[in-house]
Structure formats: structure tokens, C-alpha cells
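Chemist: sequence below, structure please.
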Amino acid sequence: MTTDIAERRKNLWSGLGVTLLSCWLLIWIIPRYGGSGMAFGMHPQRLATLGAWVMLLCAAALALVSLIQLKKSRAPLFKLPPLSNVWHQSWPFCYVLLFIGLATFIPLTWLAPFIVGTLVALLGERRWYVILLAAAIPTAALYLLTVHLMRIGVV
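Modeler: As a prediction, this is how the structure comes out:
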């Protein structure tokens, strides 16, 4: 399998996905939640509808062209990736999901240094002072923002 075939397959499925998303936007989301307030210039619902139509047309064209190219080359439409690729692409989501679960029990300003520091270490950084600074600076900024500027307490 060449990368050209793999790219065509990716284009087909992403085009179909965006086509479905834009149809959902046009049929359900924009008419229901598109806004009906006053606006100067173009109405917000009209702008969203125009963007969804552009998405629909581009995605449908991409999916159609990719489908035609795949049929010409007699390539299969489905090919599952190796399990190692799936894990490589999904572990960051599992990592974030773990800390979202922990954040329901532990305040975020207490959890943030561990979130950032562990991620920096997992990504390969071995200098302790870089890990420490990368974990401390965003946490301190979060603390200053929430407690002193927004006055909402420790989150």
C-alpha cells in the first residue's frame, strides 16, 4: 500500500465525516441555536449557514474525488491501522481523561503541577529544572488568575 492510497482513504473518510457534520449543522444546530439577535451587517445565522454550506461542498467534493480515485485504483475502502498506531494516537486523550476525573475530587491548582510535570517527563524531558519550571509557572499563573484577578478562590 502506498501512502497515496492511504491519503486517499483518509481523504474519503474525513470528507464523509465533515459532510455529516455540516449536514447536522445545517439541519439541526444552526436553525435551533444560530442566533436571532440584532446584528450590523450579516446576520449571525446567515454567516454560520454560509460557512456550513462551504464546509459541505468542499467536504463532499473531497469525498467524491477520493472515492473515484480509490475505485480506479481498486483499493479497499477500509483498512484498520495497526494497534500500536491506535495506542500512540489515543494515549494523550486517556491521559487528559484521567486528570479530568481526578479534577472532580482534587482542586485544579493542586493537580496542575502533576499534570504538566508528568506530561513533560512522558514526552522525554529529563532535566529536572525544566520539568519543575514547566510545572510551576502555569500553575502559578492559574492561581494568580483565579484567586487574585478573578477573585473566585482556588479552583
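Chemist: check the protein for its longest helix and report it.
Modeler: Secondary structure of the chain per DSSP state H: the longest helix is helix 44-72.
Chemist: same question for the helix or strand just after that helix, mean pLDDT?
Modeler: Following helix 44-72 in sequence order, the next helix or strand is helix 83-103 (DSSP states H and E). For helix 83-103, mean pLDDT rounds to 88.
Chemist: what helices and strands are in contact with helix 83-103?
Modeler: Counting contacts by 3 or more Cβ pairs under 8 Å, 6 or more residues apart in numbering; DSSP states H and E, helix 83-103 packs against helix 108-122. (Glycine included, C-beta is placed from N, CA and C.)
Chemist: so for the helix it packs on, mean pLDDT?
Modeler: 89.
Chemist: what does that helix contact?
Modeler: With contact meaning Cβ atoms under 8 Å, 6 or more residues apart in numbering, helix 108-122 is reached by 95, 99, 102-103, 130-132, 134-136, 138-139, 142-143, 146, 154-155.
Chemist: list the buried residues in the longest helix of the chain.
Modeler: For helix 44-72, a neighbour-count test (16 or more other Cβ atoms under 10 Å) marks 45, 48-49, 52, 55-56, 59-60, 62-63, 66-67, 69-70 as buried.
Chemist: name the nearest of these relative to residue 78.
Modeler: residue 70 (10.7 Å; Cβ to Cβ).
Chemist: what's that closest one in contact with, if anything?
Modeler: Counting by Cβ under 8 Å, 6+ apart, residue 70 makes contact with 5, 8-9, 12, 77.
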